[in-house]
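# Predicted model and sequence follow; I will ask about them next.
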Amino acid sequence: MLISIVAPCYNEEDVLERFHEEVQKISDELLPLGHDMEFVYVDDGSRDRTLAVLRHLADRDSRVRYVSFSRNFGKEAALLAGLRHASGDSVVVMDADLQHPPELIKRMVELRDQGYDQVIARRTRTGDRLTRTLTARLYYRLINRLVDVELVDGVGDFRLLSRRVVDAIVNLTEYNRFSKGLFAWVGFPSTTFEYENATREAGHSSWSFRSLLNYGLDGLLSFNNRPLRAALWLGMGLLLCAGLYTAWIVGAALVHGVQTPGYVTIITAVTALAGVQMVMLGVIGEYTGRIYYEVKGRPHFLVKATNVERTKDLIP
Ligand code: UDP
Ligand code: MG
């Protein structure tokens, strides 16, 4: 049984060597149990020496495959490239910054042997800032009402996938990729176990609050069209309110005669409605933008350097 380790790397020169050592240790422990390992590292257009480190690793260890992008295409693209280039019977997806403890791979393989197609590691939120924990909790409560698949707090990309799950994921060719959702969408027998979250070993997290916010919005919009439906309901609700209000004004005018007109009411109505219209346009715009990207059908990434021979199905 061949296990592929897939790790996206963006500016990870400080930890990569350590990361590789750690997974190598695990691979040595798994070898006697009949599990071979290969390592697929995707350099997501790093600005530091990540690619040089990868080349160095590949020289020393023939099981190392690397793919290097022509620029930064984002983690989702890096993940896809990793999955496309992995040839294992199972694939473990994990971050290269040692926040996903390599120790847990053994546990995953054990559970895989019990027949699960997806073995998911769910991190606890100890050590996180309170604000981030709370926003995450709120976000998941909200999003699970809105999207069709179930997303769980703390569940990320750290997981083991069986070959048929990998094939299914790779065959989802959409341009806007939200892995958390894609993994959930694919399904197959899955199991989850918890682990204590580790802090980053070196380098910086590439997530700012703003990028997290945008990521959250992506999750919301890439899985269904419920926001469009919500906009429709909101519009109808407002129309009803406007109708009732008109009836009330007209009624009052018939009974008491014409009152002095209130400009505050008008201003409020105009601004509120304009705001609602803008939001709805924004929602529609988001979907149109997504359609635009999908229609262009551009590749998810471009490869600058790799030591994996290109086969037909590897062309991005
Ligand atoms: N990463 C990537 N491309 C990017 C940003 C991040 O490949 O544009 C990789 C990064 O090298 C790491 C993983 O994705 O292996 C997770 O990134 P990070 O640690 O910044 O995110 P966090 O752990 O804070 O969620
Ligand atoms: Mg990290």
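That came through fine. Ligands and ions are numbered 1, 2, ... in the order given.

# Tell me where the chain has strands.
Ranges of strands in the chain, per DSSP state E, are 2-9, 36-43, 64-69, 90-93, 118-123, 155-162, 190-195, 303-306.

# who wins for proximity to ligand 1 among those strands?
strand 2-9 (3.2 Å; Cβ to the nearest ligand atom). Where you see a C-beta, it was placed from the backbone N, CA and C, and this is true even at glycine.

# Now stretch 41-54 - C-alpha only, PDB.
Taking Å, rounded to 0.1, in the frame of the first residue of the first chain, the C-alpha atoms of stretch 41-54 are listed here in PDB:
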ATOM      1  CA  TYR A  41       5.300  18.900  -2.200                       C
ATOM      2  CA  VAL A  42       3.700  21.800  -4.000                       C
ATOM      3  CA  ASP A  43       5.600  25.100  -4.000                       C
ATOM      4  CA  ASP A  44       2.900  27.700  -4.400                       C
ATOM      5  CA  GLY A  45       5.000  30.300  -6.000                       C
ATOM      6  CA  SER A  46       7.000  31.000  -2.900                       C
ATOM      7  CA  ARG A  47       9.200  34.100  -2.800                       C
ATOM      8  CA  ASP A  48      11.800  32.500  -0.600                       C
ATOM      9  CA  ARG A  49      14.100  29.500  -1.000                       C
ATOM     10  CA  THR A  50      11.300  26.900  -0.800                       C
ATOM     11  CA  LEU A  51      11.900  25.600  -4.300                       C
ATOM     12  CA  ALA A  52      15.700  25.200  -3.600                       C
ATOM     13  CA  VAL A  53      14.900  23.300  -0.400                       C
ATOM     14  CA  LEU A  54      12.500  21.100  -2.300                       C
END
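
# chain center to that stretch, what's the gap?
Taking the mean of its C-alpha atoms, stretch 41-54 sits 21 Å from the chain's own mean (Cα atoms, centre = their mean, to the nearest Å).

# Of all the residues in that stretch, which ones are buried?
Tyr41, Val42, Asp43, Asp44, Gly45, Ser46, Asp48, Thr50, Leu51, Val53, Leu54 (16 or more other Cβ atoms under 10 Å).

# Report whether that stretch contacts ligand 1.
Yes - using Cβ under 6 Å from any ligand atom, stretch 41-54 reaches ligand 1 at Asp44.

# Return the nearest residue of the stretch 151-300 of the chain with respect to ligand 1.
Ser205 (3.3 Å).

# mind checking pLDDT for Arg310?
Per-residue pLDDT puts Arg310 at 57.

# Could you tell me which ranges of this protein sit under the pLDDT cut-off?
Along the chain, segments meeting pLDDT under 70 span 127, 198-204, 206, 310-316.

# ok, which residues in it are in contact with ligand 2?
When proximity is defined as Cβ under 5 Å from the ion, the chain approaches ligand 2 at Asp95, Asp97, Gln99.

# and Phe158, what does it touch?
Residues in contact with Phe158 (Cβ atoms under 8 Å, 6 or more residues apart in numbering) are Val93, Met94, Asp95, His100, Leu104, Ile120, Ala121, Arg123.

# Could you tell me how many residues sit around the last one?
Here the neighbour count serves as a burial measure; for Arg123 (other Cβ atoms under 10 Å) it reads 20.

# what bridges to it?
Under DSSP bridges, the beta-bridge partners of Arg123 are Tyr195.

# From Gly82, how far off is it?
Counting by Cβ to Cβ, to the nearest Å, the separation of Arg123 from Gly82 is 20 Å.

# what's the answer for the second one, then?
Look at Met94 and Gly82: by Cβ to Cβ, they are 10 Å apart.

# Need the overlap of contacts for these two.
Shared contacts of Met94 and Gly82, defined by Cβ under 8 Å, 6+ apart, are found at Val6, Ala7.

# can you pull the buried residues of the lengthiest helix in the chain?
Counting residues, the longest helix found in the chain (DSSP state H) is helix 263-296. By neighbour count on 16+ other Cβ under 10 Å, the buried set for helix 263-296 is Met280, Val283, Glu286, Arg290.

# Specify which member of the residues you listed is nearest to Val166.
Arg290 (24.6 Å; Cβ to Cβ).

# so what's Tyr41 bridging to?
As for beta bridges, Tyr41 partners with Ala7, Tyr66 under DSSP bridges.

# if I pick it, what's in contact with it?
Ala7, Cys9, Leu16, Leu54, Leu57, Val64, Arg65, Tyr66, Val67, Gly82, Ala96.

# if we can go back for a sec, give me the subset of the residues of the chain next to ligand 2 touching ligand 1.
Within the residues of the chain next to ligand 2, those near ligand 1 by Cβ under 6 Å from any ligand atom are Asp95, Asp97, Gln99.
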